[in-house]
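Engineer: Sequence first, predicted model second:
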Amino acid sequence: MRTSSPPTALDGLRFAFGTLTVLPVRVRRWDRGAARGGMLAAVLVGLVAGALAAALGLLLLLLGAGPLLAAVGSVAVPAVLTRGLHLDGLADTADGLGSGKPAEEALRIMKRSDIGPFGVLTLVLALLAQVAVLAQSYGDSWARGAAAAVISAVTARLALTLAARTGVPAARPEGLGAAVAGVVPVPGALAVTALCAAGAAFWGSEWGPYGALRAAVAVLFALAAAELLLRRCLRRFGGVTGDVFGALAETAATASLVVLAFGR
């Protein structure tokens, strides 16, 4: 729905939760202003997804399950909340990049409903890495597992905010990628990034100065990995798509967890 009135913060929240989750939130505005607010608020979606993921993991531990099952539960929650769209985007983007075809044909490959060998391999490796790190974290302590689940979920959505910054074009004239491409001012994206890195460091300080540093580095390293993928996609496809956004989110989530796995 389009309207001439200025978008409100609530419009942005509705856009964020209505487009990035399966939660029953009605998107009342589908314009650039609402998209800007929504992508700036994407980290709040990550905070909710991460909190729910951690809650399920902790519940499973409380009921007597081991760290591995708790990790599987925590990985499953964000997947369910997004209808698996981020994972599907990761697989489709891997197929598009791995196809070696010209941009238009690669984009057609990404729109197909099936998943090719590049997509399957990338999907399996990403999920294995996520489960492995979370199982290790839950095995260390319930607090470390919960922190890892939340930090990775927030970082995944932060990667979306940065990918929607001004200057990043859409590869297609339609779809979610076109709706959010270039809507976020760079200063706003950087401010949200600084806030999230500081928040991760504050949480990580529970385990001392090194814990604070590692948590902040996990966020920044994950964003750097997502940025490398974004630039590859821009060169390959000429812009971003909904699939690329999903791939960026899963890349950032996995990369942040990998950093959190080291130096215990």
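Structural biologist: Sure, I can see it. Everything numeric here is computed off the predicted structure, so don't read it as measured data.
Engineer: how far is the longest helix belonging to the chain from where the chain is centred?
Structural biologist: The longest helix of the chain (DSSP state H) is helix 208-237. In this view, helix 208-237 has its centroid 11 Å away from the chain centroid, taken as Cα atoms, centre = their mean, to the nearest Å.
Engineer: again, but for stretch 90-106
Structural biologist: 20 Å.
Engineer: Could you check that stretch and say which residues are buried?
Structural biologist: Neighbour counts over stretch 90-106 (16 or more other Cβ atoms under 10 Å) mark 90-99, 106 as buried. The C-beta positions use only the backbone N, C-alpha and C, and glycine is treated the same way.
Engineer: L69: helix or strand, and which one exactly?
Structural biologist: helix 67-81 (DSSP states H and E).
Engineer: Would you state the helices of the stretch 51-200 of the chain in chain order?
Structural biologist: 67-81, 85-98, 103-111, 117-140, 142-163, 176-180, 186-204 (DSSP state H, counting those that start in this stretch).
Engineer: what's the angle from the first one to helix 142-163?
Structural biologist: This points to helix 67-81. Counting by axes from the mean of the first three to the mean of the last three Cα atoms, to 10 degrees, helix 67-81 lies at 30 degrees to helix 142-163.
Engineer: Also compute the angle for helix 67-81 relative to helix 85-98, please.
Structural biologist: Using the same axes, to 10 degrees, helix 67-81 lies at 90 degrees relative to helix 85-98.
Engineer: and helix 67-81, how far from the chain's centre?
Structural biologist: The gap between the average C-alpha position of helix 67-81 and the chain average comes to 15 Å, counting by Cα atoms, centre = their mean.
Engineer: low-scoring stretches of the stretch 1-150 of the chain, by residue?
Structural biologist: Scanning the stretch 1-150 of the chain with the threshold set as pLDDT under 70 gives 1-4.
Engineer: can you rerun that using 80?
Structural biologist: Counting by pLDDT under 80, the stretch 1-150 of the chain contains low-confidence ranges at 1-4, 99-100, 103, 113.
Engineer: Of the buried residues of stretch 90-106, which is the nearest to A156?
Structural biologist: Using Cβ to Cβ, L90 comes nearest to A156 of these, at 10.8 Å.
Engineer: that older thread, let me know which of the helices of the stretch 51-200 of the chain is tucked in deepest.
Structural biologist: Among these, judged by mean count of other Cβ atoms under 10 Å, the one packed with the most neighbours on average is helix 142-163 (a mean of 26).
Engineer: what packs against that helix?
Structural biologist: helix 32-40, helix 42-62, helix 67-81, helix 117-140, helix 186-204, helix 208-237, helix 242-260 (3 or more Cβ pairs under 8 Å, 6 or more residues apart in numbering; DSSP states H and E).
Engineer: how much distance is there from it to the middle of the chain?
Structural biologist: In this view, helix 142-163 has its centroid 8 Å away from the chain centroid, taken as Cα atoms, centre = their mean.
Engineer: residues in contact with L195?
Structural biologist: V43 (Cβ atoms under 8 Å, 6 or more residues apart in numbering).
Engineer: Could you measure from it over to C233?
Structural biologist: 26 Å (Cβ to Cβ, to the nearest Å).
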